[in-house]
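Enquirer: Take this sequence and fold it.
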Amino acid sequence: MKKIIHTPLAPAPIGPYSQAVLAGNTLYVSGQIALNPESGQIIDSTLELETKQVMSNLQAVLEAAEMNFSHVVKTSIFLSDMSYFAQVNEIYGQYFTGDYPARETVAVKTLPKNVNVEISVIAVKA
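Expert: Numbering: from 1, shown residues only. Prediction:
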C-alpha cells in the first residue's frame with residue numbers, strides 16, 4: 001500500500017512523478033533541486049543558497065509526511081561538478097545531528113534545469 005505525499009511548500013514535480021511516496025513506514029522522496037516553490041524560480045546565485053533551498057524543499061516534503069531529517073536513512077547527492085563537494089557537504093551536514101544516514105555523492109554531466117545540486121532521500125518512521 002502506498003500513499004502519495006504532496007505539499008505546496010515544496011516545488012511541484014516537473015514531470016510524471018510524485019514529490020514523495022510513503023510505502024508502509026518508509027518514505028521515498030524524489031530528488032529536489034533549488035526551485036523556490038512560491039516563485040517557481042531557481043535559486044542559484046550562490047552554491048550555498050542553492051544547497052539551502054534544496055534542503056528546505058526536502059524538509060518541507062519530510063514534514064508533509066510527519067517526518068524530519070532524523071528519520072532519513074539514505075541520501076543521494078548529485079552534483080554538476082565534484083569540486084562542489086566540500087561546500088555542499090558543509091551545508092548538508094547542518095541538517096543532521098549524529099547517526100548520519102548512508103549516502104553517495106556523484107557528479108553527473110547535467111541536472112534538471114541545469115542546476116548544480118540535486119538531493120533525494122529515503123526516510124523511515126518507526
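Enquirer: For this protein, just list every one of the helices.
Expert: Taking DSSP state H to define them, one finds helices in the chain at 47-64, 85-93.
Enquirer: Can you tell me what sits against the shortest one?
Expert: Looking back up the chat, that one is helix 85-93. Leu47, Glu48, Thr51, Lys52, Met55, Thr75, Ile77, Leu79, Thr105, Val117, Ile119 (C-beta atoms under 8 Å, 6 or more residues apart in numbering). Bear in mind the C-beta positions are built from the backbone N, C-alpha and C, glycine included.
Enquirer: if you set the cut-off to 6 Å instead, what comes out?
Expert: Residues outside helix 85-93 that contact it (C-beta atoms under 6 Å, 6 or more residues apart in numbering) are Leu47, Thr51, Val117.
Enquirer: Just the buried positions in it, please.
Expert: Under the neighbour-count criterion of 16 or more other C-beta atoms under 10 Å, helix 85-93 has Gln87, Val88, Ile91, Tyr92 buried.
Enquirer: Specify which member of the residues you listed is nearest to Glu38.
Expert: Checking the buried residues of helix 85-93 against Glu38 with C-beta to C-beta, the nearest one is Ile91 at 20.8 Å.
Enquirer: From Pro101, how far out is the closest one?
Expert: Using C-beta to C-beta, to the nearest Å, Ile91 is found at 15 Å from Pro101.
Enquirer: same question, Glu50
Expert: Per C-beta to C-beta, Glu50 is found 21 Å from Pro101.
Enquirer: Check Ala107 too.
Expert: 20 Å.
Enquirer: neighbour count winner among these two?
Expert: Using other C-beta atoms under 10 Å as the criterion, Ala107 and Pro101 rank with Pro101 on top: 16 against 13.
Enquirer: The closest residue to that one other than its chain neighbours: neighbouring residues, count only.
Expert: Leaving aside its sequence neighbours, Pro101 sits nearest to Val72 (C-beta to C-beta, 6 or more residues apart in numbering; 4.6 Å). Neighbourhood size, Val72 [other C-beta under 10 Å]: 23.
Enquirer: again, but for Thr97
Expert: With other C-beta under 10 Å as criterion, Thr97 counts 9.
Enquirer: As a check, name the ranges of all strands in the protein.
Expert: For the chain, strands defined by DSSP state E occupy the ranges 2-5, 20-23, 26-32, 72-79, 102-107, 117-124.
Enquirer: Thank you, goodbye.
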